[in-house]
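Student: Structure for this input, please:
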Amino acid sequence: MEVQQKAKNTIETKKVSYSDVKKVVFGAGMGNLIEWFDYASYGYLATVIAAVFFAPGNDRAALLGTFGVFAISFIARPIGGIVWGHFGDKLGRKRILTLTIIMMSLGTFLIGLIPSYATIGMAAPALLLLCRLVQGFSASGEYAGASLFIAEYAPSSRRGLLVSVVPASTAAGLLIGALTAAGLEFSLNQDALHSWGWRIPFLVSGPLGLIALYLRTRVEETPAFKEMDHEKPQDPVFESIRQNWRKIIVAFGVICLNAVGFYTILSYMPTYLTNELGFDSVKSILSTIASLGTYVIFLPIVGTLADRIGRKPVLIGASLLFILFSYPAFMLLPLGGVYAVLAQIFLGAILAGNDGVLATFLSEMFPTSVRFTCFGLSFNLGNAIFGGTAPFIATFLILQTNNKFAPAFYLIAASLIAFIALLKTKETANKSL
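Tutor: Numbering: from 1, shown residues only. Presented below is the predicted three-dimensional model:
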């Protein structure tokens, strides 16, 4: 009788209306879009930021310093993943998503207020690093939290499609950031861009953050978390590692491809095209928009495909395509024009094949009681080690090998790691959360 009553309560708790699901998807997606627009502003204006915040005289050293700050800030990602995961599994997904958007918007807004190196010297890059650490810490709870929030509301038959809104909103934020950066590069002269123009996308994060905060206060906590009232772990971090360490290691391996691919193809590419291949800065950003647009369009298609044939076949297919075609795609880039655009469209489509199902796959891998912690820990550790360092390592590899296509080797290596890790996983489709 007690078992039947518990089952009945579970069914009643999980009854959510279409309007509830729609509100959750919109709130999580829009908040994620705004947060990653803030995050993208740094990557797409990296060349300008290098000139503003670092000593003049050596452009390559300044750019390495800019990407070094980008990479170091990722140290906060695994720490944040543990902290946000711990409280997300104890206090709820909604509270964490509210806090992350506040921190991200504040950190980004403050970057727009930092004086230049010419004004305050070494204090400028130090303050930039501090703000980037705040961004990295908050972002560590955003992707996992938004993914779980949708996954725990979505029906299993459409979970892949609905959760794909998270990477799609991330890419949409990057796309808006790219268009903003291109608009600034095109409409302002170099003096105006370096003195005040670059600050605009950072300063608008204040009001945008308030919009995202409002959207997230309008959604309820997930049904899956509400059911855990008597099952919440005392120490989610300890229990996650003790009970799921094998899955965390495998997830970490799978995430390598997302980390390297995302930050190489969608963040580092404009700088690569400008500094290594000699493209005009505006054309570099506009060219990269092709891969971003393709990525956004393909994500829901991939999510739907994963709902039909499973998560694992789609992820393995993306890994194999990267292994086979990364280097040929990079060889097309120097040809410019339509060839560069086609190469980036192709890379964006393959990356969507991985990212369109990854968040769903990770959400389904772990039990509800420690889901936020396990997802956050594996995802942010992978991005800290492989993602945040991707622009720096790509630039370093080019310098060491004198091969402009060296970033393709890094992408292939990450794909091999992900492929091997996927062979150790089980299919997660149609799993009840």
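Student: mind showing which ranges of the protein have poor pLDDT?
Tutor: Filtered on pLDDT under 70, the chain yields the residue ranges 1-16, 39, 229-234, 236.
Student: Counting neighbours, what do you get for Leu162?
Tutor: As a burial measure, Leu162 scores 23 neighbours (other CB atoms under 10 Å). C-beta: built from backbone N, CA, C; applies to glycine.
Student: does it sit in a helix or strand, and which one?
Tutor: In the assignment (DSSP states H and E), Leu162 maps to helix 159-163.
Student: roughly how far out does that helix sit from the chain middle?
Tutor: 17 Å (CA atoms, centre = their mean, to the nearest Å).
Student: for that helix, packing partners?
Tutor: Taking 3 or more CB pairs under 8 Å, 6 or more residues apart in numbering; DSSP states H and E as contact, the helices and strands that helix 159-163 lies on are helix 123-151, helix 281-309, helix 337-365.
Student: TSV please, covering those and showing distance to Ala46 and mean neighbour count.
Tutor: Putting those into TSV (distance: least, CB to CB, whole Å; neighbours: other CB atoms under 10 Å) gives the following:
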stretch	distance to Ala46	mean neighbour count
helix 123-151	12	25
helix 281-309	11	22
helix 337-365	18	24
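Student: Dump those helices to CSV, plus distance to Leu215.
Tutor: Below are the helices and strands packed on helix 159-163 laid out as CSV (distance: least, CB to CB, whole Å):
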stretch, distance to Leu215
helix 123-151, 11
helix 281-309, 20
helix 337-365, 19
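Student: what helix or strand is Lys22 on?
Tutor: For Lys22, the element it lies in under DSSP H and E is helix 18-44.
Student: Helix 281-309 and that helix, what's the angle between them?
Tutor: 150 degrees (axes from the mean of the first three to the mean of the last three CA atoms, to 10 degrees).
Student: Please export the C-alpha coordinates of stretch 379-399 as CSV.
Tutor: Output for stretch 379-399, consisting of C-alpha atoms alone and laid out as CSV, is shown next (Å, rounded to 0.1, in the frame of the first residue of the first chain):
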residue,chain,number,x,y,z
PHE,A,379,31.6,19.4,-17.3
ASN,A,380,33.5,22.2,-15.6
LEU,A,381,36.6,20.2,-15.0
GLY,A,382,36.7,19.3,-18.7
ASN,A,383,36.1,22.8,-19.7
ALA,A,384,38.7,24.2,-17.3
ILE,A,385,41.4,21.8,-18.5
PHE,A,386,40.6,21.6,-22.2
GLY,A,387,38.2,24.5,-23.0
GLY,A,388,39.6,27.6,-21.3
THR,A,389,43.1,26.7,-22.5
ALA,A,390,42.1,26.0,-26.1
PRO,A,391,42.8,29.5,-27.5
PHE,A,392,46.1,29.6,-25.6
ILE,A,393,47.2,26.1,-26.6
ALA,A,394,46.2,26.7,-30.3
THR,A,395,48.3,29.9,-30.4
PHE,A,396,51.2,28.1,-28.6
LEU,A,397,51.0,25.1,-31.0
ILE,A,398,51.2,27.4,-34.0
LEU,A,399,54.3,29.1,-32.6
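Student: can you start the count at 28 instead of 1 from here on
Tutor: Fine by me, first position is 28 from now on; the one you just mentioned is stretch 406-426.
Student: Which element, helix or strand, includes the residue nearest to Phe349 when sequence neighbours are not counted?
Tutor: The shortest distance from Phe349 to any residue other than its chain neighbours is 3.9 Å, reached at Ser442 (CB to CB, 6 or more residues apart in numbering). Ser442 is part of helix 433-449, with elements assigned from DSSP H and E.
Student: and that helix, what other elements does it pack with?
Tutor: In this structure, helix 433-449 packs against helix 263-288, helix 338-359, helix 417-428, with contacts taken as 3+ CB pairs under 8 Å, 6+ apart.
Student: Could you look up the SS state of Tyr180?
Tutor: The three-state label given to Tyr180 by DSSP: H, G, I helix; E, B strand; the rest coil is coil.
Student: For it, list the residues it contacts.
Tutor: If you count contacts by CB atoms under 8 Å, 6 or more residues apart in numbering, Tyr180 has them with Val43, Asp47, Val48, Val51, Val52, Leu189, Thr249, Pro250.
Student: and of the helices and strands packed on helix 433-449, who's closest to Leu460?
Tutor: Closest to Leu460 of the helices and strands packed on helix 433-449, according to CB to CB: helix 338-359, at 13.7 Å.
Student: Cool, thanks, talk later.
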